[in-house]
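**Q** Please work out how this folds:
(2 chains)
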Amino acid sequence: MMKKNLLLLGLFVSICGAAQNDLPDMSAIDTLIVKSYWGEVNVNGVTSNKSGLKAVHTDSQAKRKMIDNSASGQYYDMKVNGKTLKLAARSPKGFESLDFILSIPNRIFVQVEMMKGGEIVLRNLLNGVEVNHRNGSFKGRNIGDYALVNLANGSIDIEFSSVNRSRPISLVTMNGGITVSLPKTVQRDVRLISRKNGYLWSDFDLTGVLPVAQLNVRSYSKEPIDGTVKINGGGKLLFLSTENGPIEILKN
Amino acid sequence: MKTEQELLKIMDHVDGYVMKEAESDLKEEIKSLKQCASGIKDLPYEKVSEKTDERFQKFMESISDPSKTNTSRGLRTISIITAFAAGLALFLIFNPFQNKEILADFNAMKSNPDKLSFVYELTSEKLREGEIEEVKLLLANEENPNIKVALLDLLENYTPDHVKSEELFLNLNRSSTPSVQMAMLNAMEATDISDIRSDLDAFRNTVGLEETVKNRILQLLNNAKPKNLK
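**A** A predicted model of the protein is given here:
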């Protein structure tokens, strides 16, 4: 056990200590698109134009290795088209995964598509995110503007530091709960759908016809929850839909 | 006071329709009336005074100039309202652009959030048949799964009368996103699926189809009545 921990620590140190791969000049980029099959996508926004990419490959024997600039072309493709930077993992050869850990300016809009499975974590991104994910959870922290998130199997947990009052938010998953944290003054029309095993928790006062018998009771219901309510008088759409799981709307 | 019959007799004599001798009590009156009538014929023609003529001319001008009298302005307003109402009625009946330009407006939008807001705004309206058809086209062409789910949420309001299970199945067949597939199956709940039972059953065997989706299809098939029991 001790040996295994030391091995993992060594691997972590070697990954963290390795040089970041080069990204193009980000001052001219306003959109980042990441396409991956298996693995983790972790994007962190920073206040400067500094940027970096760490890519880690895990093969079918669970051997992990850092991919440096010279070998990057074998594992992923990176292209700039106008103001868009596109990063695309290669089609998986056997059971392999590729982790992308990116640091980019926080003004950049980020779009992530995970075609097989893994985890997506986005932090400190102030100009909106769009996520399409098959298997695994999504976590968003200090997100601004808006979000469109669509998952098949996994939960959505997103915290907005600010929202654009003229843009909608849509969080949809097939299997999994949805937790969204919003600024306390946010105004939204909220479309709520939880087909089964759901409950509805809200820190906000919800006006309109409540689609549940009991609000803020963490008791899983077999009955569908389906309705539209308003937060702070209503506004743009907040669409929250899950086939299987609860919905929580929290105040920051 | 003369009776109506006596007055008619007098007039017939004055006009010359009756030439025979009148009754003695009417003789004098007939004679005096005949003299009066012949006297009128001999009078010289009277010209209308210039003042009267001028006033009449002014009156005629004021009718043709709406700014001069309230009466004519009122008449004009009524005629405009009438014309507008008639035009509006014709427009509503025969208007070829009766439907909102849903397809064109949506396609003109470049960002996904704008498209999603647009779709949500349609939920507050009662869409016409042609508009529902346009929403179906949007569903068929849209790629973003969040927008597709919102479109299906909108179309669910128009099942089963305007959205049929066959149409939803065509979309199901083209979609590979599980949450979108589930939204389509949920929309089918209120429709008659008897004509697509075998298609749905075959779709369950699609390679890579999520278990949750397969189970939802099975649930739909089990809940629906067989065709012969319709």
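**Q** Write out the residues of chain A neighbouring chain B.
**A** By the rule CB under 8 Å from any CB of the partner chain, the part of chain A lying against chain B is A:128, A:130, A:132, A:134, A:146, A:148-153, A:164, A:166-168, A:170, A:172-175, A:189, A:191, A:193, A:195, A:236-237, A:239, A:241, A:243-244. Just so you know, the C-beta spots here come from the backbone N, C-alpha and C atoms, and that holds for glycine as well.
**Q** Among these, the buried ones, what's the PyMOL command?
**A** Entered in PyMOL, the line below selects the buried ones among the residues of chain A next to chain B, by 16 or more other CB atoms under 10 Å in any protein chain shown:
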select buried, chain A and resi 128+130+132+134+146+148+149+150+151+152+153+167+168+170+172+173+174+175+189+191+193+195+236+237+239+241+243+244
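**Q** quick one: what helix or strand has A:V186 in it?
**A** For A:V186, there is no host helix or strand (DSSP states H and E).
**Q** What is the burial count for the spatially closest residue to it that is not a sequence neighbour?
**A** Leaving aside its sequence neighbours, A:V186 sits nearest to A:V163 (CB to CB, 6 or more residues apart in numbering or on different chains; 5.6 Å). A:V163 has 24 neighbouring residues, counting by other CB atoms under 10 Å in any protein chain shown.
**Q** From chain B, how far out is A:V163?
**A** 11 Å (CB to the nearest CB, to the nearest Å).
**Q** give the contact list for that residue.
**A** A:G144, A:D145, A:Y146, A:I169, A:L182, A:P183, A:V186 (CB atoms under 8 Å, 6 or more residues apart in numbering or on different chains).
**Q** so what's the third one closest to, chain neighbours aside?
**A** Distance criterion CB to CB, 6+ apart; nearest residue to A:Y146, sequence neighbours excluded, is A:R167 at 4.0 Å.
**Q** quick one: secondary structure of the one you found?
**A** Classification of A:R167 using DSSP: H, G, I helix; E, B strand; the rest coil returns coil.
**Q** Kindly report the same for the one 5 residues further on.
**A** Of the three states, A:V172 takes strand according to three-state DSSP.
**Q** And for B:E156?
**A** B:E156 - assigned by three-state DSSP - is helix.
**Q** what's the closest non-adjacent residue to it?
**A** Closest residue in space to B:E156, ignoring its immediate chain neighbours: B:A187 at 4.6 Å, by CB to CB, 6+ apart.
**Q** Domains of chain B: list them as residue ranges, please.
**A** With automatic domain parsing as the criterion, the domains of chain B are listed as B:4-41, B:58-94, B:102-229.
**Q** for chain A, same thing?
**A** If you go by automatic domain parsing, chain A breaks into A:19-105, A:137-252.
**Q** Out of these, which is the most enclosed?
**A** Most buried of these, by mean neighbour count (mean count of other CB atoms under 10 Å in any protein chain shown): domain A:137-252, with a mean of 19.
**Q** and that one, what's its mean pLDDT?
**A** What domain A:137-252 shows for mean pLDDT is 97.
**Q** Also stretch B:130-150?
**A** 97.
**Q** Ends of that stretch, what's the gap?
**A** 19 Å (CA to CA, to the nearest Å).
**Q** do the same with stretch B:163-181
**A** 16 Å.
**Q** and it with chain A, contact?
**A** Yes - Stretch B:163-181 reaches chain A (CB under 8 Å from any CB) through B:T177, B:P178, B:S179.
**Q** what about the second one, how many residues close to it?
**A** Just to be clear, that refers to B:P178. Using other CB under 10 Å, B:P178 is surrounded by 26 other residues.
**Q** need the contact list for it.
**A** B:P178 neighbours (CB under 8 Å, 6+ apart): A:R134, A:A152, A:N153, A:M174, B:E210, B:T212, B:V213.
**Q** And the helices in chain A?
**A** Remark: helices assigned in chain A by DSSP state H are A:2-17, A:72-75.
**Q** The shortest one packs against which elements?
**A** Under the contact criterion of 3 or more CB pairs under 8 Å, 6 or more residues apart in numbering or on different chains; DSSP states H and E, the helices and strands touching helix A:72-75 comprise strand A:52-58.
**Q** Name the residues that touch the strand it packs on?
**A** So strand A:52-58 is contacted by A:15, A:18, A:20-23, A:39, A:64-67, A:72, A:75-76, A:87, A:96-103 (CB under 8 Å, 6+ apart).
**Q** Okay, the closest residue to A:G208 other than its chain neighbours and chain B: tell me how far apart.
**A** Using CB to CB, 6+ apart and skipping the chain neighbours, the partner closest in space to A:G208 is A:V229 (4.0 Å). For A:V229, the distance to chain B equals 14 Å [CB to the nearest CB].
**Q** close enough to count as contact, A:V229 and A:V190?
**A** Yes - assessed by CB atoms under 8 Å, A:V229 is found in contact with A:V190 at 5.1 Å.
**Q** residues shared between the contacts of those two?
**A** Contacts common to A:V229 and A:V190, judged by CB under 8 Å, 6+ apart, are A:L206.
**Q** So which residues on chain B come close to chain A?
**A** Near chain A, when you scan chain B using CB under 8 Å from any CB, you find B:112-114, B:116-117, B:120, B:144-147, B:149-150, B:153, B:177-179, B:182-183, B:186, B:210, B:212.
**Q** Which ones among these map onto helices?
**A** Among the residues of chain B next to chain A, DSSP H puts B:112-114, B:116-117, B:120, B:145-147, B:149-150, B:153, B:178-179, B:182-183, B:186, B:212 in helices.
**Q** and the helices of chain A, which one is worst for confidence?
**A** Looking at the helices of chain A, the weakest mean confidence is helix A:2-17, a mean of 48.
**Q** Confirm B:A202 sits in a helix?
**A** Yes - checked against three-state DSSP, B:A202 lies within a helix.
**Q** Is there a neighbour count for it? I'd like the number.
**A** With other CB under 10 Å as criterion, B:A202 counts 11.
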